[in-house]
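Peer 1: no sequence on this one, just coordinates:
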């Protein structure tokens, strides 16, 4: 009997628990809340007991509003850290590493620069081993001074003052054309323009691309393109600073090394190192500008492509996406760089990323920065932002397996068509086509609203050069 009574009672209890399960759960939750409250009260009491007398007085004053709260540390700020490891451009996120030690001084003469560069880069590589790519593990890096000694300058120590003095955009007659220029001399005929894309025209956002050219004489010159990140607040100013400062740093590098006078290029290793330091100087200039303007350096996010031409070839270096190519003596077009792209659409890297302390950092299977030397007779070259690549480049092709791939090859019929048109225009104007400005205006107008480029959403920059 006792066993059956136990079974009956147990069955009744289980049934009651099932019927009133919701109320039972509520009672248990309240019980747990009471236990948690009691534990928090005990923890608070223990913390209060451990406070010093002064801390209790400060806490009391703070609660009563008698003193201001302490300034929050950099870890507690709501704003994005000054040197974040994750930079965005649209959806993209690329995470490099930390900042490298300062480069060597420019007091040594040009014949000893290579040795100084090697020592500095070796130091950079050794310290990079201890760095991590996680922004959570970063150590705080002291702010750098506005006055820096730049690598590759022609004389002594240079006090660098940012060229632009305000992130406020200057008023322009035509916001749709950011840059438009041309040069026609005894060695080269070159045109360049940066214009608004379709999306920025409709949203009244300034063109965030910029480009420029610097002739150096004796058949040498520097062409530069920069694409500002659409997600960065002041990227239009960033791209302009990148181009203008890069022109100065690479000009000083070429002159200090004596490459024009010697009539020769450096070797591959020397060019990689020299280009690295010149681009690092550009990064330092951006940091100086951000410090003066009290803005975050990543608000100036921009890519860069540098092409230096000489009578016997090209020197090329870049950080980020875009395209660049050249036409050889046999009339065949070749790509001269691999755009730095991530796994997601529109993912890339910028000059402002903290890539300078990472040894062997790669993206898209190539170094960052990627630097190359092309030797031989070059008849033409081009460089552009990614806003023009869908029209002028063979990309997103389908292979035999039905999969998309990027052959990274200039679309020769189109680019050669441009060259033929430009040559015809020069012939009609006594081979001085850039003097009257008509061809420069036509080039910018073609990028802005020509039938082939009008549908491009992104800002468009394209530089096209014909070597004589």
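Peer 2: Okay, I see it. Quick caveat, the model's predicted, so the values are computed rather than measured.

Peer 1: helix/strand/coil for residue 287?
Peer 2: Under DSSP: H, G, I helix; E, B strand; the rest coil, the three-state class of residue 287 is helix.

Peer 1: and the closest residue in space to it that isn't next to it in sequence, how far from residue 353?
Peer 2: Excluding the flanking residues, the one nearest residue 287 by CB to CB, 6 or more residues apart in numbering is residue 297, at 5.3 Å. Any C-beta I mention is one placed from the backbone N, CA and C, and that applies to glycine too. Distance of residue 297 to residue 353, computed by CB to CB, to the nearest Å: 10 Å.

Peer 1: now swap in residue 301 and tell me
Peer 2: Distance from residue 301 to residue 353, counting by CB to CB: 8 Å.

Peer 1: for those two, indicate the residue with more neighbours.
Peer 2: residue 301 (31 against 27; other CB atoms under 10 Å).

Peer 1: tell me the pLDDT of that one.
Peer 2: What the model reports as pLDDT for residue 301 is 97.

Peer 1: what sits against it?
Peer 2: Counting by CB atoms under 8 Å, 6 or more residues apart in numbering, residue 301 makes contact with 87, 89, 228, 229, 231, 232, 235, 238, 350, 351, 352.

Peer 1: which of the residues you listed are buried?
Peer 2: By neighbour count, with 16 or more other CB atoms under 10 Å, the contacts of residue 301 hold 87, 89, 228, 229, 231, 232, 235, 238, 350, 351, 352 as buried.

Peer 1: residue contacts, residue 406?
Peer 2: Applying CB under 8 Å, 6+ apart, the residues near residue 406 are 395, 396, 397.

Peer 1: out of those residues, which is most surrounded?
Peer 2: residue 395 (17 neighbours).

Peer 1: find the nearest non-adjacent residue to that residue, please.
Peer 2: residue 406 (5.0 Å).

Peer 1: same question, residue 326
Peer 2: residue 381 (4.1 Å).

Peer 1: which strand or helix spans that neighbour?
Peer 2: Per DSSP states H and E: residue 381 is located in strand 378-384.

Peer 1: likewise for residue 253?
Peer 2: helix 235-257.

Peer 1: give the rounded mean pLDDT of that helix.
Peer 2: 98.

Peer 1: and after it, which helix or strand comes next?
Peer 2: Criterion used, DSSP H and E; the element after helix 235-257 is helix 259-262.

Peer 1: mind listing what's buried in that next one?
Peer 2: Buried, per 16+ other CB under 10 Å, within helix 259-262: residue 259.

Peer 1: so what does that helix touch, helix or strand wise?
Peer 2: In this structure, helix 259-262 packs against no helix or strand, with contacts taken as 3 or more CB pairs under 8 Å, 6 or more residues apart in numbering; DSSP states H and E.

Peer 1: what residues does that helix touch?
Peer 2: 216, 217, 218, 220, 254, 265, 266, 310.
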